[in-house]
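# just coords:
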């Protein structure tokens, strides 16, 4: 299945400390004409691949700033231009939930969406509107959002971005997050800084490993209480249960699977590549989705696997569920994609220092 | 979703006469005519869930009677009183459909409950106003959950153990008729509140028994269901505690002066996990049959 990271708007109603898209870029929003053009392209792409599905992940910015009518237009365009292929278009959405209302949920339901991905931060003044990041306002709106989701039987899962500010209170944060959603479904991701760390929130891989390591003994002992906490669950599945489950950054097969479409129709490899203006596959106004998905630059991600397997990752015991990590992370450090990422070190450190001794597992 | 709430009210014939086809918890005093209350409730096409006797005197002075047999009763008493008197009524009490609650403000009650449970009387603690002795409570919980000696149930431990789901919250306020998903409190003027204390303090969510069937659409009711989220809007406190999912902030106001709650509820969760694991083990065990 091809995945379109679809960012029809870069506008956001939150000024999250770890995101500089809004301040670095002049946020733009996709025109309805371009939206219409994209659905024509999706139809063309799916007709050329009769067995394939497309997952269209509505991303941002904050996609709910687009307004209800924008989504209704998208449905209209899909009905109009994709009559034969619409059943192979799977919508998904990432939102901060602060603008959610019942109308949106009806619209999402009609788009086949029954769960929403989000993110959350219990520490103050990390997320929220305004220069001081009004987290009290943000969090109370977020809570209303999750209440609405649960009332309407929508699922939700979230990402927690681990920053330097999180390092003092790993277990507190873990308890808070798992108390917020006792059924589980969250991911502890390290903050990604591209460029200046002006808020001093970046951390070393060792610090991230130790953050996870401070939680892991408790999680392991009580994993029946907290079954869906990642990356722990993912490590257990890959190392102990011998299943292969990874996030997109570790699959090693994103080359022809992903595309980013931005508000001006600009195409890139994925959301991060688009946000950071790293890879350009041209513009969907000038190239078809079929052409974009077959762009020759994508070869380098296949080639990367070969280069890493011959070199930096040769004989690495975690290759099968790491693949050298996200090529974009390699780019941050090396200005090219052909290296493993420094997150590999964090992973290995966590595994060697905490995971393997505690679980008794072997690589 | 419409929920059929159990209504908690005082014994007031006028009020009860206006309620129909409801399940009722009726509060009354120890000198009340219990069989009459039971009969009155059922004659008005209501269904008696429980009669709650608030004993202002000692438990021993409660006029337990043969004609209470079969009637679901909870007795809340501050102190036990003469053990000798209790023992004289023991056979009768044991035969009644009754649960006895004693106040945690009185230290001897932890032992009293232990004894009552060991004598086969279902009982429980109710939380008083003074600083709670968490260690004594923990000892009682340990006895309640782990003891292999035969004994009756002790609340709220019994409720938590039996309703515990490791991946969900377990709200034991039902034991005290204060869970808004199950209970609503009303007074003679038909004011509706979420808890007994709210009713006493005039914190009503609505007025009028005709509003009860649609109470789940009431904004204040909905707010009450989500009031736990207030803890998640604070920078510190109960939301950061590992025991949240069985405590849910019930002791947040006393935690500064008496911070033992977290340790107690962590142990409580361990006990619940243990109980679950035993249940699972027992499920797997298949004995041969003759």
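That came through fine. Predicted, not measured: the structure shown is a model, and the values here were computed from it.

# up against chain A, what does chain B have?
B:166-169, B:226, B:229, B:232-233, B:235, B:239-242, B:244-245, B:269, B:273 (Cβ under 8 Å from any Cβ of the partner chain). All C-beta spots, glycine's among them, are computed from the backbone N, C-alpha and C.

# among these, which are in helices?
Under the assignment DSSP state H, the residues of chain B next to chain A contribute B:244-245, B:269, B:273 to helices.

# CSV for those residues, including pLDDT?
Shown next, in CSV, are these (pLDDT from 0 to 100):
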residue, pLDDT
B:244, 96
B:245, 95
B:269, 97
B:273, 94
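
# in those residues, which residue is surrounded by the most others?
Among these, residue B:244 has the most neighbours (other Cβ atoms under 10 Å in any protein chain shown), with 25 neighbours.

# hang on, the earlier thing: quick check: of the ones in helices among the residues of chain B next to chain A, which lies closest to residue A:153?
Among those, residue B:245 lies closest to residue A:153 (Cβ to Cβ), at 21.6 Å.

# for the lowest-mean-pLDDT helix or strand in chain B, which positions count as buried?
Across the helices and strands of chain B, mean pLDDT, DSSP states H and E gives its lowest value to helix B:261-284, namely a mean of 88. Residues B:261-262, B:264-265, B:267-269, B:271-273, B:275 are the ones in helix B:261-284 that count as buried (16 or more other Cβ atoms under 10 Å in any protein chain shown).

# surely residue B:159 forms part of a helix?
Yes - under DSSP: H, G, I helix; E, B strand; the rest coil, residue B:159 sits within a helix.

# now do the longest strand along chain B: distance to the chain's middle.
Of all the segments of type strand in chain B, defined by DSSP state E, the longest one is strand B:47-55. From the chain centre to the centre of strand B:47-55 is a distance of 12 Å (Cα atoms, centre = their mean, to the nearest Å).

# against which helices or strands is the helix or strand following it packed?
Following strand B:47-55 in sequence order, the next helix or strand is strand B:73-77 (DSSP states H and E). Where contact means 3 or more Cβ pairs under 8 Å, 6 or more residues apart in numbering or on different chains; DSSP states H and E, strand B:73-77 is packed against strand B:47-55, strand B:98-103.

# please, where are all the strands along the chain?
All of this refers to chain A. Going by DSSP E, chain A shows strands at A:2-6, A:54-58, A:89-93, A:115-119, A:155-162, A:186-190, A:229-230, A:258-261, A:267-268.

# hmm, no, I was thinking of chain B.
B:6-10, B:23-29, B:47-55, B:73-77, B:98-103, B:123-126, B:154-155, B:183-186, B:191-193, B:206-207.

# dump those into JSON lines; add mean neighbour count as well.
Shown next, in JSON lines, are those (neighbours: other Cβ atoms under 10 Å in any protein chain shown):
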{"stretch": "strand B:6-10", "mean neighbour count": "20"}
{"stretch": "strand B:23-29", "mean neighbour count": "19"}
{"stretch": "strand B:47-55", "mean neighbour count": "20"}
{"stretch": "strand B:73-77", "mean neighbour count": "22"}
{"stretch": "strand B:98-103", "mean neighbour count": "24"}
{"stretch": "strand B:123-126", "mean neighbour count": "23"}
{"stretch": "strand B:154-155", "mean neighbour count": "23"}
{"stretch": "strand B:183-186", "mean neighbour count": "25"}
{"stretch": "strand B:191-193", "mean neighbour count": "22"}
{"stretch": "strand B:206-207", "mean neighbour count": "16"}
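
# tell me which of these approaches residue A:9 most closely.
The nearest among the strands of chain B, by Cβ to Cβ, is strand B:206-207 at 41.6 Å.

# so who does residue A:214 touch?
Counting by Cβ atoms under 8 Å, 6 or more residues apart in numbering or on different chains, residue A:214 touches A:170-171.

# gap between it and residue A:225?
17 Å (Cβ to Cβ, to the nearest Å).

# ok, now residue B:4?
31 Å.

# ditto for residue A:257
Here the criterion is Cβ to Cβ. By it, residue A:257 lies 34 Å from residue A:225.

# how about residue B:106?
From residue B:106 to residue A:225 the distance is 35 Å (Cβ to Cβ).

# again with residue B:224
Counting by Cβ to Cβ - residue B:224 and residue A:225 are separated by 27 Å.

# before we move on, the earlier item: of residue B:106 and residue A:225, which one has the most company?
Using other Cβ under 10 Å, the more surrounded residue of residue B:106 and residue A:225 is residue A:225, with 20 against 15.

# thought residue A:207 was touching residue A:164?
Yes - the pair residue A:207 and residue A:164 passes the contact test of Cβ atoms under 8 Å, sitting 7.3 Å apart.

# distance to residue A:139 added to the strands of chain B, as JSON lines?
Shown next, in JSON lines, are these (distance: least, Cβ to Cβ, whole Å):
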{"stretch": "strand B:6-10", "distance to residue A:139": "33"}
{"stretch": "strand B:23-29", "distance to residue A:139": "36"}
{"stretch": "strand B:47-55", "distance to residue A:139": "38"}
{"stretch": "strand B:73-77", "distance to residue A:139": "38"}
{"stretch": "strand B:98-103", "distance to residue A:139": "37"}
{"stretch": "strand B:123-126", "distance to residue A:139": "34"}
{"stretch": "strand B:154-155", "distance to residue A:139": "35"}
{"stretch": "strand B:183-186", "distance to residue A:139": "29"}
{"stretch": "strand B:191-193", "distance to residue A:139": "28"}
{"stretch": "strand B:206-207", "distance to residue A:139": "28"}
